[in-house]
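# Any chance you can model this:
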Amino acid sequence: MSIPTSYVSQTPTNRMATMAAASLMIIHGALLGWASYVNSPNLDEPAHLAAGVRHWKLGRFDLYRVNPPLIRIVAAVPILFTDATTDPSNIEDNSLYARPEFQAGKQFVNRNSMACFWYFTLARWACIPMCLTGLWVVYMWAKELHGTPAGLLAMFLYCFRPNLIAWGASITPDAAGAAFGVVAAYSFWKWLNNPSLRKALQAGLALGFAELAKSTWIVLFALWPIIWLVLRLTSPKQPENNPATTQTTIPASVKVKQMNTANAPFQQLVVILLTALYLLNLVYGFEGSLTRLREYKFVSKTLSGQDYPLTGANRFDGSWIGLLPVPLPEHYVRGLDIQKFEFERGKMSYLWGEHRKGGWWYYYIFALAVKSPIGTLAMVVAATASVVFRRAYSSGWRNELILLFPSIVFLFPVSSQTGFSRYLRYALPVLPFIYIHVSRLARAISTRQRCVSGSIFIFCTMTAVESLTTFPHTMSFFNGIVGGPLNGHAYLLDANIDWGQDLHFLKNWYDENPTARPFHLAYFGDMNVSPKAVGIIGKQVPGFLPVEDRMSGAANLLGLQSGWYAVSINHVKGYRHYQSEMPRFAYFQRLQPIARAGYSIYIYHLTLDQANTLRAELKSSQAGLAQEKWARGKANYA
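Down below sits the predicted model:
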């Protein structure tokens, strides 16, 4: 498994490359820093931050156990040195399916009022170095595979990826999980190329941090031994130690890597896995580590063997498997169980205009496509074609295996969980690997293929321009193929466009338009952050339920009056984030907004005549539906 060395020392010069790489690091950091400052907390962030404070102050990991704690721990560090009011000890819920972290997050926001927004900014800034680490490793890996221009190309695509900016400027594990995932894979690749105990320990630590960032990376515990075994079994026999052969057929540097790769010792592989497990358990304080499997009470059908028992059950109780100790912390295991439970029971999902309970196996592939800049998509297609039709662009199947297999394996379990399909952010860890894959196109720069080099420049320019035109509203980014962020709601909803992030921008509009009163508000993020916290005083928007609850819908709609209405796009589209929610504000689809706060909150102005006309139309449609239902019932009775 050798690295093509002919591309490593090409133009641009090392000094210019270092300056370019440093510039991209600064640009990405600046984008993350500004987005962290101007965007309001999204739905998950208050819970993450409150849980992180609890981790530090009480050493407990029961809050937000569905995700590992690393990002929360880092985010909470600056909060410990502020005057933030926190009381992490008053949240208790010992039920098996418990999510008290959201209550804790709401308490944190309410107790700190306006100051909480500065605390969220500090917490976000603390997470930026983790994302920058991933950016640097993408540069190094692509550079070592395909040359310095390739490293800069991969870095450029990572730097301007809207989704990585959006979630890198957020206290959630997705962007940082992507960074730690590629760091771990790169460390493993370096060990395979030149095995040593030091590199095995480095790979083990990197794997441990990846597990602490995002639990989906648990697949690497199985994947890395498989990759090692495949490479071991397929490595060519080593040539005899013949000086003539060494000098004329195999460059010394390549020969060393081939020999060491073939002899990558199994003992060091075990060191890697054990080091990662030790670090994972260490950060959790070894809480519940090595508990026998049968001693757990599970709620998911997969692990309990029952249909979601309220008091828990264990399908392994009474079997020899149940006697085995689980080498993972208790809350890490319980978090995996709760995640599985949520996917099994299903939730409402939305794709391309369709609302339904459950998801689609192709959801994440589709979402990756529509939320990627057009220039990046073009290069992904070109790079994939080059692997198939141009062998000169390949780095060898062993390198390709180590690079692409983790992202494919990662995407498979995410896509297979079709209980609900909601968040592209779940698939973000595949992006660094895709960009290193694309970077092979930059070999054309080293070999001075002007046509391909020019195309790369054009596509990079398109990527940056399309990304920056949406900034800082990168969470709502959609490419021009589907009509951009203004039309993104036709394809995806929820955290892909509207996650409560635009409250500050609504406040700016609210202050700039003092005559826009009376003001009514239906804000998607108010379950965790009240608009009153930023000084927005809004009346409740009347709801209307023509199908699910016609009588109360008619009564509710009597409150519709002239005035100004700000409605989150999730509400406008009738999205049901919770099963109990109803599409009460979907009637705003009949109206044209006159302004927006970002791309997630739409602002409408209704005159008295428009309000009366809309109320009459909705009542008429309600009466028609009631008559239709009565007629169907009469026909069935007959």
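# Show the model's pLDDT score for the nearest residue to D526 once chain neighbours are set aside.
Spatially, and ignoring its direct neighbours in sequence, D526 is nearest to G500 (8.0 Å; CB to CB, 6 or more residues apart in numbering). Backbone N, C-alpha and C define where each C-beta goes, glycine included. G500 is assigned 94 on the pLDDT scale.
# wait, is G500 part of a helix?
No - assessed with DSSP: H, G, I helix; E, B strand; the rest coil, G500 is coil; it does not lie in a helix.
# My read is that it contacts S40, right?
Yes - assessed by CB atoms under 8 Å, G500 is found in contact with S40 at 6.4 Å.
# Mind checking which of the two has more residues around it?
Each of G500 and S40 has its neighbours counted (other CB atoms under 10 Å); G500 has more, 26 against 23.
# any idea how far the more buried one is from L63?
20 Å (CB to CB, to the nearest Å).
# Please apply the same query to N487.
For N487 relative to L63 (CB to CB), the value is 38 Å.
# Among these two, which residue is more densely surrounded?
Counting neighbours by other CB under 10 Å for N487 and for L63 shows that L63 has the greater number, 28 against 13.
# Quick check: pLDDT value at the more buried one.
90.
# doesn't it fall inside a helix?
No - counting by three-state DSSP, L63 is not found in a helix; it is coil.
# what sits in contact with each of G500 and S40?
Residues touching both G500 and S40 (CB atoms under 8 Å, 6 or more residues apart in numbering): 525, 529.
# which helices and strands does the helix or strand where Y332 lies pack with?
Taking DSSP states H and E as the definition, one finds Y332 inside helix 330-345. Counting contacts by 3 or more CB pairs under 8 Å, 6 or more residues apart in numbering; DSSP states H and E, helix 330-345 packs against helix 301-304.
# which helices and strands does the helix it packs on pack with?
helix 330-345.
# what about stretch 410-419, average pLDDT?
For stretch 410-419, mean pLDDT rounds to 82.
# centre of the chain versus that stretch, how much separation?
The gap between where stretch 410-419 is centred and where its chain is centred comes out at 14 Å by CA atoms, centre = their mean, to the nearest Å.
# Using PDB, write out every CA atom in it.
Output of stretch 410-419 as PDB, limited to C-alpha atoms (Å, rounded to 0.1, in the frame of the first residue of the first chain):
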ATOM      1  CA  PHE A 410     -20.900   5.000   8.200                       C
ATOM      2  CA  LEU A 411     -23.700   6.100   5.800                       C
ATOM      3  CA  PHE A 412     -25.200   2.600   5.600                       C
ATOM      4  CA  PRO A 413     -26.400   2.300   9.200                       C
ATOM      5  CA  VAL A 414     -27.600   5.900   9.100                       C
ATOM      6  CA  SER A 415     -29.600   5.400   6.000                       C
ATOM      7  CA  SER A 416     -30.900   2.000   7.100                       C
ATOM      8  CA  GLN A 417     -32.600   3.600  10.200                       C
ATOM      9  CA  THR A 418     -35.800   4.500   8.400                       C
ATOM     10  CA  GLY A 419     -37.900   5.000  11.500                       C
END
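# Could you point out which residue ranges in this structure have low pLDDT?
1-13, 88-89, 93, 236-263, 545-558, 621-638 (pLDDT under 70).
# longest helix anywhere in it?
helix 115-146 (DSSP state H).
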